[in-house]
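I'll drop the sequence and a predicted model, then ask my questions.
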Amino acid sequence: MTGKYPTAFLFGLGVALGLAIWIFSPQLTGKGEPWDADAPIWQASWAVLAVCGGLTGRLRGICLPLGYAAGQMLWVAGSVVAGQFGALAWMFIGGYAVVATAVTLTVAGATAWLLPCVDKWLRSLRS
């Protein structure tokens with residue numbers, strides 16, 4: 001196990017959160033599907049997950065939004081079998097996953113680049 005948050009942990013957390021947004025959508029939004037909410041809760045959740053994954057400062061941070069997509073796709077898979085959703089729902093989730101992964105990589109790169117610079121600057125202030 002390397003790093004503060006191992007890959008499996010981040011992916012598992014993402015899956016759990018992806019399932020949770022669908023399971024608790026009726027209580028949180030009053031709608032059966034999180035993307036039907038009056039407020040952009042579903043879209044905002046993607047942004048939060050992408051930034052949190054990126055703040056790890058490591059490539060493994062992409063496991064958070066990818067796990068989030070996988071968790072949602074697991075939930076939607078049951079609905080596809082029941083005939084409620086089709087491939088369109090998977091493409092919709094997949095599209096958001098691509099954007100969230102790109103944001104995560106951007107934030108991770110910026111974090112990895114900025115942290116040593118900030119550390120160097122703080123050390124220069126102390127001396």
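That came through fine.

so where's the chain shaky on pLDDT?
Applying pLDDT under 70 to the chain flags the ranges 1-5, 80-86.

where along it do the helices fall?
7-23, 25-29, 41-54, 63-82, 87-126 (DSSP state H).

okay, these in JSON lines with mean neighbour count and distance to residue 35 next?
From N, CA and C alone the C-beta is placed, and that goes for glycine too. Formatted as JSON lines, the helices of the chain follow (neighbours: other CB atoms under 10 Å; distance: least, CB to CB, whole Å):
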{"stretch": "helix 7-23", "mean neighbour count": "19", "distance to residue 35": "10"}
{"stretch": "helix 25-29", "mean neighbour count": "14", "distance to residue 35": "9"}
{"stretch": "helix 41-54", "mean neighbour count": "20", "distance to residue 35": "5"}
{"stretch": "helix 63-82", "mean neighbour count": "20", "distance to residue 35": "10"}
{"stretch": "helix 87-126", "mean neighbour count": "14", "distance to residue 35": "7"}
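
residue closest to the middle of this structure?
Centroid-nearest residue in the chain, with CA atoms, centre = their mean: residue 65, separated by 2.8 Å.

how much space between that one and residue 47?
Computed as CB to CB, to the nearest Å, the residue 65 to residue 47 distance reads 10 Å.

overlap of the contact sets of these two?
Here residue 65 and residue 47 share the contacting residues 100, 103, scored by CB atoms under 8 Å, 6 or more residues apart in numbering.

quick one, phi/psi of residue 39?
Note on residue 39: its backbone torsions stand at phi -90, psi 150 [degrees, to the nearest 10].
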